[in-house]
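Student: please work out how this folds:
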Amino acid sequence: MRLVQPLSCRARAAAAVLLAQAFATAAIASASADACPGAGAGSCPYVAAHIIGQRAEGVLRFPEAVAVGPQGDVFVADQLSYVVQKFSPEGVFETEWGSYGGGHGQFGPIGGLAADAAGNVYVVDSSHNRIEKFDSSGDFIASWGHSGSAPGEFRFFSSQDPTKPPGGGIAVAGGYVYVADSGNNRIQRFNLEGGEAIAWGTKGAGPGQFAYPRGLAANSSEVLVADDDNHRIEKFDPGGGFQAAVGSRGTGPGRFGFPYGVALDGAGNAYVADDINHRIVKLGSELAFQRAWGGFGSGPGQLAFPRALAADPAGDTYVADTANGRIQVFDPTGTFVRAFGVSGRALGAMTGPRGLATDPAGGLLVSDTVANRLELFAPGSDAFAAVWNSVAGPRPGFRAPAGIAVDPRGPVYVADPGRERILRLWGDGTFLSELGGPAAAGGARLSAAGAVAVAPASGRLYLADSGHNRVLEYSPEGSLLASWGAAGGNGSAGTGPGEFNDPASVAVDRTGSVYVADRRNNRVVELRADGSPLRAWGSRGSSDGHFFSPNGIALDGAGDVYVLDGGNNRVQVFDSGGRFLAKWGVRGTGLGEFSQPAAIALDCAGDAYVADTNNNRVERFDGVSGSPTGCIPAAAWPPPLDVAPVLRVSLVRRAGVLARRALALTVTCRRGCKILATATLAPRGRRRAVALIPIARSLPVALAGHVRLRVSAAGLRRLRRTLGHRGGLTARVRIIAAGPTGRRTVVRQSYAVAR
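Tutor: The predicted model follows:
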């Protein structure tokens, strides 16, 4: 472990830039350079930090909630980003808010969205069984609800089937908020502040009963409920009086396959997101079938498990095309109008990564767990290079891949816990063999085996078989050699020497010693090469040397031990004897911050990588280890793919645009690019705008660049004359970015600014 002594802010930033210039690598400093991100006071454990695969604006990972505001703004939430995104009616990204957590303005999986006449947005935070209310810009207003079945309490998950996606549809109309309390099989109605709760419904298939209700739609005279497991739509008056129902299981007119969402247009027509039938069904004001459109696919107008929709005042419907990661817009006849949003399955993006490894050349392999694939990033640049998403063999493909280990001799091992197996692949992804699986007998059967490691000296494979509370040792040819742990030899958890309770990760040093992250015992266990216990350290807590659900472990060339303390959202470093050396990481979404990280690895240059699972990214920390193993030439690596640049654009300040005669932006290009930035300013609510002076410049790899678009003297006079005493302006920004290969990305954003 290399400890970098504290430097001044400017000295630290300068050091990072000099390293980048000297070695022609993408050493990425903190955008603010105000501190060593995530490390707190004292020594900085790394030289620089940067992000791989960070979500770009408008990226959607299984969108399951959509709402349209009174001004036509479109609000979208997906299951795996834990944010609400706001788009213009044309689909241009405007802003987002939220992060993973239980505080105000934080979310788990989101079950529903609605907007009221004032533009306020209501969010069903399904994980925390509550409703959160925001203004249209994302500023928190209020929250109500918690787990339970009393009035004002919610249960958005099914108690009978915990694997069901979270429920919780929501609608706002006539001064009321209606909520589908899915797990309690009822509808609750509140005033706009969350008070005056009334409820109706019980579990069943009769009139006014429900079987896991999901979507809701309402106007001043009626409430429609997507009664999911009963495959029907039910209609009520605003007080909960049953009026009608339509639907049964099937694919014909008037039939549904788990209707997930429902919407009403201004004429009283209903639109149903017919989930497993991959279509939208339009019903008349009396719930009579009118037409259906869609069909499974990814082309324009085709759908893949649509799960939410909303109608705008003109009657256009905005459909959450969930599995395709996009929003599609249709007119009232079902004619495709447009689509927007970038799929979280785009090359180089990732969703819930739970495993990673580096190869001897410094290349990075990442388990893109939710997308059931592996992504490869090239040595030195972290540029996306390749994807493995179809593996041959007796059972093709991955199912929730997790841990990865690279044998320098050639094979790559991938833990595939969804199929209870370990895949053995060549370095090009070609299938060699599998360990475990349904054909494995007795002690060779696996359960939730999600982490693997290869011994540097012997090539033996070590596996954390979490569900059986043991560590398994295999020969390089795949023969099971030994099983360690499992109190009593029957798979039971234990706390004694050499016993485990949910071992989550494993690493092996050059002497053959095996280190295990013993998750539920909140400790690290070191075993000798023969499996006998040598030492253990740690207990539950958050102080130095204590852990809360440690779930990742890695070693450097000096034998120092890097422990991913997942529950505490940090990395702790120890020497080989368990003596604490350093730490970094806090909960959050910025550099040096984590949200439920799941894996850690070190590369041959001494840099550390962390799979930041709930932030849907990998973080890299340069210069962590003072004992790098050294990298070999990367002759076998594929060249980086020709993918468009990924931009992040943010406004430096909203006020003082005319006083400073400039609109200031921060622009970051993940792979480095050339940009052309243009913008206009217009008084809020006016169409005539003043064009700002365009600017062209080059941006280095992932370093934040400041772009100042200036207002000409003539434009300044015109704006001041038009504004008078008002101060509100709308800035519309357009940035064209060209990457090294010439591929282009265009970003358009609108900001409310002041003079």
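
Student: quickly find the element holding Ala517.
Tutor: strand 514-518 (DSSP states H and E).

Student: mind listing what's buried along the helix or strand that that strand is followed by?
Tutor: Using DSSP H and E, the helix or strand that follows strand 514-518 towards the C-terminus is strand 523-527. Residues 523-527 are the ones in strand 523-527 that count as buried (16 or more other Cβ atoms under 10 Å). Placement of C-beta: from N, CA and C, glycine included.

Student: partners of strand 523-527 in the sheet?
Tutor: When sheet partners are counted by DSSP bridges, strand 523-527 sits next to strand 514-518 (antiparallel), strand 533-537 (antiparallel).

Student: so how far is the last one from its chain's centroid?
Tutor: Looking back up the chat, that one is strand 533-537. Distance of strand 533-537 from the chain centroid (Cα atoms, centre = their mean, to the nearest Å) equals 36 Å.

Student: would you mark the buried spots in it?
Tutor: 536-537.

Student: skip ahead from it and say which helix or strand is next.
Tutor: strand 550-555.

Student: on that earlier part again, from the buried residues of strand 523-527, which single one is nearest Gly496?
Tutor: Val525 (10.5 Å; Cβ to Cβ).

Student: who touches the closest one in this structure?
Tutor: For Val525, the contacting residues are 498, 500, 515-516, 518, 533, 535-536, by Cβ atoms under 8 Å, 6 or more residues apart in numbering.

Student: so what sits opposite it in the bridge?
Tutor: If you apply DSSP bridges, the partners that Val525 bridges to are Val516, Ala536.

Student: for Gly38, see how far away Leu602 is.
Tutor: 17 Å (Cβ to Cβ, to the nearest Å).

Student: hang on, the earlier thing: now for the buried residues of strand 523-527: which two are most distant?
Tutor: Most distant of these, by Cβ to Cβ, are Arg523 and Leu527, 12.8 Å apart.

Student: that's a helix at Arg409, yeah?
Tutor: No - using DSSP: H, G, I helix; E, B strand; the rest coil, the assignment for Arg409 is coil, not a helix.

Student: if we can go back for a sec, how about the strands paired with strand 523-527, which one is nearest Gly442?
Tutor: strand 514-518 (22.6 Å).

Student: what's the angle between that closest one and strand 550-555?
Tutor: If you take axes from the mean of the first three to the mean of the last three Cα atoms, to 10 degrees, strand 514-518 sits at 160 degrees to strand 550-555.

Student: mean confidence for strand 514-518?
Tutor: Confidence for strand 514-518, expressed as mean pLDDT, is 98.

Student: and if you look at stretch 421-432?
Tutor: On average, stretch 421-432 scores 87.

Student: Val47 and Ser625 touch, don't they?
Tutor: No - here Val47 lies out of contact with Ser625, judged by Cβ atoms under 8 Å, at a distance of 11.1 Å.

Student: neighbour count winner among the two?
Tutor: Ser625 (26 against 21; other Cβ atoms under 10 Å).

Student: so which strand or helix has that one?
Tutor: Going by DSSP H and E, Ser625 is not in any helix or strand.

Student: do I have it right that it meets Ala558?
Tutor: Yes - counting by Cβ under 8 Å, Ser625 touches Ala558, with 7.2 Å between them.

Student: flag the shaky bits of this structure, pLDDT-wise.
Tutor: 1-35, 41-42, 54-56, 162, 392-395, 488-489, 633-643, 670-672, 700-704, 725-727 (pLDDT under 70).

Student: give the buried residues for stretch 511-527.
Tutor: In stretch 511-527, counting by 16+ other Cβ under 10 Å, buried: 513-527.

Student: who does Gly744 form a beta bridge with?
Tutor: No Gly there; residue 744 is Arg. Assigned bridge partners for Arg744, using DSSP bridges, are Ala738.

Student: quick one: residues contacting the closest residue to Pro401 other than its chain neighbours.
Tutor: For Pro401, ignoring the flanking residues on the chain, the nearest one in space by Cβ to Cβ, 6 or more residues apart in numbering is Ser367 at 4.3 Å. The contact partners of Ser367, by Cβ under 8 Å, 6+ apart, come to 353-356, 374, 401-404, 414, 599, 611.

Student: Tyr562 too?
Tutor: Contacts of Tyr562 by Cβ under 8 Å, 6+ apart are 553-556, 571-573, 600, 602, 608, 624.

Student: what's the residue lying closest to Glu420 once chain neighbours are set aside sitting at in phi/psi?
Tutor: Closest residue in space to Glu420, ignoring its immediate chain neighbours: Leu446 at 4.8 Å, by Cβ to Cβ, 6+ apart. Main-chain dihedrals, Leu446, degrees, to the nearest 10: phi -110, psi 160.

Student: cool, the one 5 residues further on as well?
Tutor: The phi/psi pair for Ala451 (degrees, to the nearest 10) reads phi -140, psi 140.

Student: before we move on, what about Val657?
Tutor: Per degrees, to the nearest 10, the backbone of Val657 is at phi -60, psi -50.

Student: what about it, neighbour count?
Tutor: Neighbours of Val657 using other Cβ under 10 Å come to 25.

Student: give the contact list for it.
Tutor: So Val657 contacts 663, 681, 711, 729, 731, 753-755 (Cβ under 8 Å, 6+ apart).

Student: and the protein, what are its domains?
Tutor: Domain ranges of the chain: 59-343, 353-622, 647-754, per the TED database.

Student: between those domains, which gets nearest to Ser43?
Tutor: That would be domain 353-622 among those, by Cβ to Cβ, at 6.6 Å.

Student: how far off centre is that closest one?
Tutor: Using Cα atoms, centre = their mean, the offset of domain 353-622 from its chain centre is 21 Å.

Student: do stretch 298-308 as well
Tutor: Taking mean C-alpha positions (Cα atoms, centre = their mean), stretch 298-308 and its chain are 21 Å apart.
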